[in-house]
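> would you be able to build a 3D model of this:
(2 chains)
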Amino acid sequence: MNDRPAHVMDPIERLVSRVLGVGIAVAVALMLSGLVLGVAKGEGVPAHVVPLADLLTGLTALDPAAWLSAGLLVLVATPFVRVGGSVVTFAVERDRRYVLVTAVVLAVMCLGVLLGRV
Amino acid sequence: MAVVIGVLLVAFVAGVFGSMLGVGGGIIMVPVLSLAFGVPIKTAIATSIICVIATSSMAQTTFAARGMTNMRLGMFLEVATTVGALAGGITAVLIDGGILQACFAVLLFYVAWQMSRRRGDVVPVEGPVMPSSYYDPAQGRQVSYGVHGLGAGFALSVVAGNVSGLLGVGGGAFKVPIMNLLMGVPLKATIATSNLMIGVTAATSAAIFYGRGYVDPRWAVPAALGILVGARIGPRFAIHLPARILVLIFEVVLVVFGLLMLLKALGVGV
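Next up, the predicted model:
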């Protein structure tokens, strides 16, 4: 059976797909590091995520919770990257209508996050 | 330790099925976490939303590479579901939640019946709207199609977004029939596109849940890791299985999902 995908991705589509893959790999690496740190320090897995503001200090202090949180955050960020990448893809294809549609989706996603923080 | 392995395994299974059918896997994760593992419901939902993102992004690395995801269609319908979700508050005032659940349980049974009556996938019809094509290894040929019924699809997606926001259930179970039955999108492209959309929808909620501190790494981390492995495998089934088998599995999921919703509507705790 011939399984080769006949579809040829344009370079940007391929780039977005690769960025997603890298994002997932980074997320997994951060989470696994957090688990190892937790076991090494004898603290186990923490019950709470670290707020965004304290993330950097936690990471440098090798706090397991910070490393696990960073992994989860990178994972949560991947769809934002996917949609943002598509805005660029449509812009390069000069498809104005879908630049607009995709930008609206991205804007609503960001707006939802901002409103939800209140 | 046994609990962690249990969560990993359940998440793995949810990842395989969620990515294979384009429904995410929240249907499996929320009840199992809250019933079998005694996780508080908000933590269970937060975990499930993280799982939906993990499923979506991991599956997209496979589906997008195969050219199966119809990005234009996904973004177009995403606008509709988002508008619907934002209008959720209005419907909540107008209709009782139990009645809504019962109505949608019936609708799910109806969709399952419609799908079984047709015994397989839609026959792709080429057209000028959002045309796309992909290689289907199960058929051994290139499948080309255009999207049809844009207006009706958009309108129903507003309703689907509205209801899935209200009932707190993933929209995948509604998105797949809308695209496949109504808009004439072949099932594999439908599954790939639905997979993209559920991740986009879940990302906003996940960020909010994170900010409010409902994400608990003890559950979210093993669940995410298990899901990622499952969602690496699931799309391969979706790509290589014949569409009629996928339709059959999807029908079973719709009926089970409908039954769960009906039980909920009748006030039986699930």
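
> kindly report the residues of the stretch 51-200 of chain B close to chain A.
Applying Cβ under 8 Å from any Cβ of the partner chain, one finds that the stretch 51-200 of chain B approaches chain A through B:53-54, B:56-58, B:60-61, B:64-67, B:71-72, B:75-76, B:78-79, B:82, B:133-135, B:137, B:140, B:142, B:196, B:199-200. Every residue, glycine included, has its C-beta placed from N, CA and C.

> among the residues you listed, which lie within strands?
B:133-135, B:142 (DSSP state E).

> can you tell me the SS state at B:G267?
coil (DSSP: H, G, I helix; E, B strand; the rest coil).

> please report how far it lies from B:G98.
Per Cβ to Cβ, to the nearest Å, B:G267 is found 7 Å from B:G98.

> tell me which of those two has more neighbours.
Set B:G267 next to B:G98 and count neighbours by other Cβ atoms under 10 Å in any protein chain shown: B:G98 wins out with 12 against 7.

> list the contacts of the closest residue to the more buried one other than its chain neighbours.
The shortest distance from B:G98 to any residue other than its chain neighbours is 4.8 Å, reached at B:A265 (Cβ to Cβ, 6 or more residues apart in numbering or on different chains). For B:A265, the contacting residues are B:98-99, B:101-102, B:105, by Cβ atoms under 8 Å, 6 or more residues apart in numbering or on different chains.

> same thing with A:L15?
Applying Cβ under 8 Å, 6+ apart, the residues contacting A:L15 are A:G85.

> for it, give me the pLDDT.
On pLDDT, A:L15 comes in at 77.

> quick one: what helix or strand has it in it?
helix A:11-40 (DSSP states H and E).

> give the other helices and strands that the very next helix or strand once past that helix contacts.
As assigned by DSSP H and E, the chain's next helix or strand after helix A:11-40 is helix A:55-60. Judged by 3 or more Cβ pairs under 8 Å, 6 or more residues apart in numbering or on different chains; DSSP states H and E, helix A:55-60 is in contact with helix A:64-92.

> burial of B:V123, as a residue count?
Counted with other Cβ under 10 Å, residues neighbouring B:V123 total 9.

> is it part of a helix or strand, or is it coil?
Going by three-state DSSP: B:V123 is coil.

> likewise the one 4 residues further on?
For B:G127, the secondary-structure state derived from three-state DSSP is coil.

> that one contacts B:H148, doesn't it?
Yes - with contact defined as Cβ atoms under 8 Å, B:G127 counts as touching B:H148 (6.1 Å).

> these two - which one has more neighbours?
Legend: neighbour count by other Cβ under 10 Å for B:G127 and B:H148, higher for B:H148 (16 against 13).
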